[in-house]
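Enquirer: Structure for the following, please:
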Amino acid sequence: MLKIKREIFNEMIKHCRECLPYEACGILAGKDNVISKIYKIKNIEQSSVSYFMDPKEQLFAMKDIKAYGMEMFAIFHSHPLGSAEPSQKDIELAFYDVYHIIVAIEPKFEVKCFKIENRKFDEQELLLE
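Expert: Numbers count the residues shown, from 1 in each chain. Have a look, this model is predicted:
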């Protein structure tokens, strides 16, 4: 189970909508097993079907997380026109030691959380605090 503060969850959804028609992406961090910080990172692919995080912004986020004694808990991205299930590319490129949150916008809005390991995904509970 992964816990996320409601205001961070809402900010993540807002970011995903603001990035339309492209996929949004970012990193979620915090302490004590609760996500309390969002890093909205530019999708340099500018694509509606894939993302690649801006390396400079990603490096800044990682340094900031370390500087404030936080942990990186999850990577999030959106699927503007699809389900909240991981794509084959999502599975192949996944970091194994973090959660993956996918925000589907159309045709049905939904948010799902996964652990992805050995090219298999397992849905996890995402709890709002």
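
Enquirer: max-length strand in the protein?
Expert: In the chain, ranked by residue count with DSSP state E as the criterion, the top strand is strand 71-81.

Enquirer: tell me which residues in it are buried?
Expert: 72-80 (16 or more other CB atoms under 10 Å). C-beta: built from backbone N, CA, C; applies to glycine.

Enquirer: Stretch 110-121 now?
Expert: Of the residues in stretch 110-121, those buried under the neighbour-count criterion (16+ other CB under 10 Å) are 111-116, 121.

Enquirer: Can you give the distance from that stretch to the centre of its chain?
Expert: Between the mean C-alpha location of stretch 110-121 and the chain-wide mean there is a distance of 11 Å, by CA atoms, centre = their mean, to the nearest Å.

Enquirer: now swap in stretch 38-52 and tell me
Expert: 10 Å.

Enquirer: quick revisit: immediately after the longest strand of the chain, which helix or strand?
Expert: As assigned by DSSP states H and E, the chain's next helix or strand after strand 71-81 is helix 88-92.

Enquirer: Partner strands of the helix or strand following that next one and their direction?
Expert: Using DSSP H and E, the helix or strand that directly follows helix 88-92 along the chain is strand 99-106. Partners of strand 99-106 in the sheet, by DSSP bridges, are strand 71-81 (parallel), strand 110-117 (antiparallel).

Enquirer: For strand 99-106, which residues meet the burial criterion?
Expert: Judged by neighbour count using 16+ other CB under 10 Å, the buried positions of strand 99-106 are 99-105.

Enquirer: hey, what's the residue minimising distance to the centre of the chain bridged with?
Expert: Residue closest to the average C-alpha location in the chain (CA atoms, centre = their mean): Phe76, at 0.6 Å. Listed by DSSP bridges, the beta-bridge partners for Phe76 are Gly26, Ile101.
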